[in-house]
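K.L.:
Provided below are the primary sequence and the corresponding predicted coordinates.
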Amino acid sequence: VQLVESGGGSVQAGGSLRLSCTASRYPISWYYMAWFRQAPGKEREGVAGLDNGGGLAYYADSVRGRFTISRDNAKNTVYLQMDSLKPEDTAMYYCAAGPRASPAPQSYNYWGQGTQVTVS
């Protein structure tokens, strides 16, 4: 599966962004989907994940209550709605697809190229 993220940008603290991850070649319904982020000098961090039925979501403690992950299998797209953004949310955000639920990056086989989010 090939993944392409979009929707990143620059926003002021307290603002919102919605990231999209559109898949091609294979349906996302085959995969557990997740969003990760990586800030300069830091390890890649699992942000949110969702199973192929749309349930069993997980959220990192740092984003719980502010971010919402969802999927539209008909559009072959996964979303990350980010509200109440903080400067510490600044990072490159990546979409990933894999065979099982896990916040660990090594559990995922397929990655997008990333989309930059900057909060000031």
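P.N.:
Received, thanks.

K.L.:
Which residues are in contact with the most centrally placed residue in the chain?
P.N.:
With distances taken as CA atoms, centre = their mean, Trp35 lies nearest the centre of the chain, 2.3 Å away. In this structure, Trp35 makes contact with 19, 21, 46-49, 69, 78, 80, 93-96, judged by CB atoms under 8 Å, 6 or more residues apart in numbering. Quick note: C-beta positions are derived from backbone N, CA and C, even for glycine.

K.L.:
now with 6 Å?
P.N.:
Residues in contact with Trp35 (CB atoms under 6 Å, 6 or more residues apart in numbering) are Val47, Ala48, Leu80.

K.L.:
Same question for Gly15.
P.N.:
Leu85.

K.L.:
Any figure for the gap between it and Ser6?
P.N.:
For Gly15, the distance to Ser6 equals 17 Å [CB to CB, to the nearest Å].

K.L.:
Tell me the gap between the lowest-mean-pLDDT helix or strand in the chain and the middle of its chain.
P.N.:
Within the chain, no helix or strand scores below strand 58-59, which has a mean of 88 by mean pLDDT, DSSP states H and E. The chain centroid and the centroid of strand 58-59 are separated by 11 Å under CA atoms, centre = their mean, to the nearest Å.

K.L.:
Can you tell me what sits against whatever helix or strand comes next after that strand?
P.N.:
Downstream of strand 58-59, the first helix or strand assigned by DSSP states H and E is strand 67-72. Strand 67-72 is contacted from outside by Ala48, Leu50, Gly54, Ala57, Val78, Tyr79, Leu80, Gln81, Met82, using CB under 6 Å, 6+ apart.

K.L.:
okay, strand 67-72 in CSV with CA atoms only?
P.N.:
In CSV, the C-alpha atoms belonging to strand 67-72 read as follows (Å, rounded to 0.1, in the frame of the first residue of the first chain):
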residue,chain,number,x,y,z
PHE,A,67,-6.8,14.7,18.8
THR,A,68,-9.3,12.4,17.0
ILE,A,69,-8.4,9.6,14.6
SER,A,70,-10.9,8.3,12.1
ARG,A,71,-11.1,6.4,8.9
ASP,A,72,-13.3,6.3,5.9
